[in-house]
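[1] build me a model:
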Amino acid sequence: MAVAYPATLDMTCREKIPRDQGIMHTLALFVLWIAGGVIGFLAYIVAPIMIAYRVGKKGGEKYIEEDAPEFSRYAGMLVSIYAYAFFLTDELPDKAVGSSVKVEFKPSGNPAWLEALIRPILLIPSGLVLGLFGMAFIVILPWTVIDALVNEHYPRRFFEFVLGYLRWETRMIAYLFSLTQEYPPFAVADLLNSLLGGGAQS
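    Sure, this is the predicted structure:
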């Protein structure tokens, strides 16, 4: 991205996936597929309601000062869950944050309770575009599972796209949790570039 966004994610492409870890990742991916609705409900419905309540009770500045670190931890855990399921790290989510999953949030702004409440609606355009790119996982995930279990490798050709996808999702989560008032940018060019082999930007 040309302009720094107050939510960043960086990871290093893995050279090898031990076969036992490949099995664990495959199971995690299956569990995530099953539990995706629950995770989405908690993140996109319950969290904004809780945040709107806290912002309404204490004000936006107090929320950023007192509660944003807590929701930053939740956001980091959510990103790490996806990173593990997508074979990007062998560390479990509670250990990966700040280690193999270098995710950082810089809370700022003065959110209003009503805006915090309707942010899931405001994010629909961004979510739809990201969802279109998510169709690529129909090919990426089976290929990754096979490559991990058979060759103990992560298919490097997919790394930049998956990382770019998670970066977009990280920014959406930061906005959803009212950690920033800046709407997440549409990183369409980055993802298209990574699909064509150019690599996603940081």
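[2] use CA for all of it now, contacts and neighbours both
    Will do.
[3] now the helices for this structure?
    19-41, 47-58, 60-62, 68-85, 93-96, 113-122, 124-134, 137-151, 156-176, 188-195 (DSSP state H).
[4] which among these is found nearest to residue 4?
    Closest approach to residue 4 among the helices of the chain (C-alpha to C-alpha): helix 156-176, 11.0 Å.
[5] relative to helix 124-134, how tilted is that closest one?
    170 degrees (axes from the mean of the first three to the mean of the last three C-alpha atoms, to 10 degrees).
[6] which elements pack onto helix 156-176?
    Contact partners of helix 156-176 among helices and strands, from 3 or more C-alpha pairs under 8 Å, 6 or more residues apart in numbering; DSSP states H and E: strand 7-10, helix 68-85, helix 113-122, helix 124-134, helix 188-195.
[7] now with 7 Å?
    strand 7-10, helix 188-195 (3 or more C-alpha pairs under 7 Å, 6 or more residues apart in numbering; DSSP states H and E).
[8] which ones are touching the residue nearest to residue 183 when sequence neighbours are not counted?
    The shortest distance from residue 183 to any non-neighbouring residue, by C-alpha to C-alpha, 6 or more residues apart in numbering, is to residue 175 (6.4 Å). Contacts for residue 175 (C-alpha atoms under 7 Å, 6 or more residues apart in numbering) come out as 181, 183-184.
[9] turn those residues into TSV, columns for pLDDT.
    Formatted as TSV, the contacts of residue 175 follow (pLDDT from 0 to 100):
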residue	pLDDT
181	94
183	96
184	95
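[10] near the closest residue in space to residue 45 that isn't next to it in sequence, how many other residues are there?
    Distances taken as C-alpha to C-alpha, 6+ apart place residue 120 nearest to residue 45, at 7.4 Å, with adjacent residues excluded. Residues near residue 120, counting by other C-alpha atoms under 10 Å, number 19.
[11] residue 42 is in contact with residue 120, correct?
    No - using C-alpha atoms under 7 Å, residue 120 makes no contact with residue 42, being 11.7 Å away.
[12] and residue 111, what's its pLDDT?
    Residue 111 is assigned a predicted lDDT (pLDDT) of 95.
[13] how many residues are close by it?
    For residue 111, using other C-alpha under 10 Å, the count is 22.
[14] apart from its chain neighbours, what residue comes closest to it?
    residue 60 (4.7 Å).
[15] shaky segments in the chain?
    1-3, 198-202 (pLDDT under 70).
[16] before we move on, back to that, who wins for neighbours among the contacts of residue 175?
    residue 184 (21 neighbours).
[17] any idea how far that one is from residue 175?
    7 Å (C-alpha to C-alpha, to the nearest Å).
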